[in-house]
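Undergrad: Curious how this folds, go ahead:
(2 chains)
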Amino acid sequence: MTIVYDIAVVGGGIMGCAAALEMAAGGMRPIVLEQSDIGQGASGVNAGTLSLQIKRVKLMPYALKGHHAWARMGAAVGFKKTGGFTLAFTEREAELLTERQTLKAKAGAPIEFVSTKRLRNVEPNLAQKVVAASYCAEDGYANSSLTGQYFRGRLCDEAIEYQERCQILAIDRGASYQLTTSRGVIYAKRLLLAAGAWIKTAAALLDVHLPVDARINTVSVTERMPALISSVIGHATGLLTMKQKANGTVLVGGGWQGRGRPQEGRGQVMASSVMPNIALAQFAMPGLSKARILRSWTGFEANVPDFYPLAGALPGFDDAFVLGCVRGGYTIGPYIGQLMGDFILGREPELPLFDPGRDFDEDML
Amino acid sequence: MSQIFDIVVIGAGPAGANAALTAAWAGCRVAMVDEQRKPGGQVWRAKNPVVLEAPTTPESRSGDALRQEVACSTVLTFAQSRVWQIESAASGWEIYVLKEGKVVTLVAKALILATGAREYVQPVPGWTTPGVIGLAGATAMFKQDLALPGQRTVVSGTGPLVFFVASEIRRLGGEVAAVVTPNSKREWLRAFPAMVRRPDLLVRGALWVADLYLAGVPIYWRHAVAEIDGETDVSGVTIRRLTRDWAPDGEPEFLGADSLCLGNGLTPAAEAAQLAGLELRYRADLGGWCPEVDASGETEREGLFLCGDGAGIRGAAAAEIHGKLTGETASAYVRGVAPGENHLLQQAYQRAARFGMAMTALSVPRKGLQTLMCADTVVCRCESLTRSDIVAEINAGAQSTLSVKSGLRAGMGPCGGKFCQGTISQLIAQAKGGEVSDVPPPTARPPLRPIPVAALAGDFEYDDLPIPKPAPL
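TA: Numbers count the residues shown, from 1 in each chain, chains lettered A, B, ... in the order given. Next up, the predicted model:
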């Protein structure tokens, strides 16, 4: 007998898995289809920063909820609430910091401006050249490489079916959706496209054009080091994120761009990005100069022109949905996935979703 | 600052150095990058200056001849230099090299990868005890420093290397307690037809074995070291007889020794090829995962050439010829002419390759060998992960090397997974009831070798930072 699932979730990242978990809890029978391994796309290769200081003002309520979701997942995802500093090294950066963090504080993030003396007391190994700093006690990190392990475990615990190394080749719409995949044909009453940077490709199978683009963010990790920093570190321009994990490794990010396209594999690291990224990390924390970099990698961060999420019904469909392109998607992912699940279950989401059919040139909020 | 060449060659072993020389003789501007102090690679490794007076060997003579030729050529050698990143560019290739603590960029129209092989060591209980070294690692000690692994050594492993190492230990005055090899005499007999095509190499191997017989060194055919005894150093090894599939089934036998050389064949060092954009496919007959390369060194990517054991384990004799053929192909590409057909060289290559592949067939570990591991046998040395750690992760649903790496950090340490991924692939294949060929290695990422932060940072000026468009508020 052919199984017709209540919903096929295309994409086994944080958002797809969180939505599937919510829908299963609400009585639906979902199946998660992942082209590589669960949690191995952007969900598993980002720098793991949970910082309200780098979230968009209008997404702050979602980011706060996201922080709580990660805190609940706790040790299983390597969650640590460490507090975070954002640093300015020039007067111009200090102005930028003041302007931007003030708006974020007004939006509900507990961000304060701190003296360089206090910064030095907490983080004596940071460079002495800091001219201004902001602090958020809510900030911290989780270990993004544990995303797959964690969500795979959750899916198993809830007896939610999933398929890995499962590519969607075609989607046909009849009495139900028929998904032709590299692992066989799957039938489902509904669809949720939560395929990160591959959302565009997935939507194209339904002849829907979504103006999705992808940034190719670079992350690097050092070997294990003696204790250097205890907080999450950011930079007023956003060009640096840095944290030292419990195992002593230092993770360096900051949105430096690699190259490649989602359709052509996992993206490539560019030396011209890694070198200044690491130089800036060493500038901010001179003690890092003794470390060795062991691995640099890239991940695709999807976005639409207005840099707000896609979260709602796929334009022209009432039983197909799309979720992705969330700026700060790692932080917000578990929460917005849950909202999406509620929406598909026919419940009123706790916070509003983001209509994928909107005019992306207008500021819709 | 970047330096511009027609061809950059990575690796200065028999393949790389011969490719570089051939291309330079054809008039190309060639740079050759290598980690060692002198060209020669692992197989023809140069002696440390303090032991230069030591008697010569076939390896040292071949290496000295090659070093002499490189020294007299126009090839610019970047010695003690490590390639950490490879990028394709509009003009060809950009190669990022760590030399004397600084990053040097080389730009070339064509890139020749001659990155050679690394040894596969099947983990067994106690294999991380000090006093246990790889067979290939042991040959490096002999060639460079005339050093011995200990006073009384058990030499264990597959293929011809086990006999070479045992006979070298004896030549350098050490005692070989025993030779232990999973191969049977019958397997060696079956390799004979391929070996007679290179009588020179056949005779050398026969002399190693004859020497061991004459000296009364016990040779345990179809046996393997099942356990290493000793806490802080080796006190002996336990050996067991193997089945046809190389699973242990005989009674344990103890051999006293203070050191063990252990190796289970070579596998292509293919990370540089992956980073340059080549797909790998599994070829058991060539030692594992390797890129697709033809006898002329051409790959599926324009301007990218590959030769030697990095293209599949065919041995030093084949690598030397493959290097020459590839040097010709790459220099023809740079000059924009069709490569000439060198039939004699091609035939010599095929003969040598056939010999080398017969040796690879003897060396490739069979499935049973992995059952020598116990639950608490260390698999990933960088992160101290045991077989039971890895198996638990696989049983929890991690079905790829990428997933195991993410969940446990197996492959995120200083070795970058070069030593554990083979075993992890086997464990995944075993759990899935599939084949190792269904479990590819993880994505290759830079740096190819660990690189100091200070080197990457270079002479950074804060004011040089590009100011990005601020992120949307």
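
Undergrad: Only C-alpha atoms from now on, for both contacts and neighbour counts.
TA: Will do.

Undergrad: As a check, name the ranges of all helices in chain B.
TA: B:14-25, B:58-72, B:135-145, B:161-171, B:185-195, B:199-214, B:271-275, B:315-335, B:343-363, B:387-395, B:401-408, B:421-432, B:453-457 (DSSP state H).

Undergrad: Pull up the distance across stretch A:263-278, start to finish.
TA: For stretch A:263-278, the first-to-last residue distance is 28 Å (Cα to Cα, to the nearest Å).

Undergrad: care to break the chain down by domain?
TA: Just so you know, I chose chain A. For chain A, automatic domain parsing gives the domain ranges A:4-43+A:146-211+A:305-344, A:77-141+A:213-303.

Undergrad: Let me rephrase: I mean chain B.
TA: Listed by automatic domain parsing, the domain ranges of chain B are B:2-117+B:267-360, B:121-264, B:375-438.

Undergrad: Can you tell me which of those domains is most buried?
TA: domain B:2-117+B:267-360 (a mean of 21; mean count of other Cα atoms under 10 Å in any protein chain shown).

Undergrad: quick one: low-confidence parts of the chain?
TA: Since you didn't name a chain, this refers to chain A. Along chain A, segments meeting pLDDT under 70 span A:1, A:363-365.

Undergrad: The chain in question should be chain B.
TA: In the predicted model of chain B, residues B:1 satisfy pLDDT under 70.

Undergrad: near chain A, which residues of it?
TA: For chain B, the residues in contact with chain A (Cα under 8 Å from any Cα of the partner chain) are B:85, B:87, B:96, B:396-400, B:403, B:406-407, B:412-414, B:416, B:445-447, B:449-454, B:456-458, B:460, B:462, B:465, B:467-468, B:470-473.

Undergrad: Just those: which are in strands?
TA: Mapping the residues of chain B next to chain A onto strands (DSSP state E) picks out B:85, B:87, B:96, B:451-452.

Undergrad: Counting by contacts, list what the longest strand seen in chain A packs against.
TA: Of all the segments assigned as strand in chain A under DSSP E, the longest by residue count is strand A:292-303. In terms of contacts (3 or more Cα pairs under 8 Å, 6 or more residues apart in numbering or on different chains; DSSP states H and E), strand A:292-303 is packed against helix A:42-45, strand A:213-222, strand B:451-452.

Undergrad: Now tabulate those in JSON lines and tack on distance to B:Leu427.
TA: Compiled in JSON lines, those are given as follows (distance: least, Cα to Cα, whole Å):
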{"stretch": "helix A:42-45", "distance to B:Leu427": "23"}
{"stretch": "strand A:213-222", "distance to B:Leu427": "27"}
{"stretch": "strand B:451-452", "distance to B:Leu427": "30"}
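
Undergrad: what about the helices in the stretch 101-250 of chain A?
TA: Secondary structure of the stretch 101-250 of chain A by DSSP state H, counting those that start in this stretch: the helices cover A:116-122, A:147-157, A:199-204.

Undergrad: excluding its backbone neighbours, what's nearest A:Val57?
TA: Closest residue to A:Val57 apart from its sequence neighbours, by Cα to Cα, 6 or more residues apart in numbering or on different chains: A:Lys104 at 5.3 Å.

Undergrad: who's in contact with residue 175?
TA: Reading this off chain A. Shown in contact with A:Ala175 (Cα atoms under 8 Å, 6 or more residues apart in numbering or on different chains): A:Lys189.

Undergrad: nope, chain B please
TA: Taking Cα under 8 Å, 6+ apart, one finds B:151-153, B:169 in contact with B:Glu175.

Undergrad: switch the cut-off to 10 Å
TA: For B:Glu175, the contact set (Cα atoms under 10 Å, 6 or more residues apart in numbering or on different chains) comprises B:148, B:150-154, B:166-167, B:169, B:217, B:257.

Undergrad: Please narrow those to those residing in strands.
TA: B:152-154.

Undergrad: how far away is B:Val124 from B:Val155?
TA: Distance from B:Val124 to B:Val155, by Cα to Cα: 15 Å.
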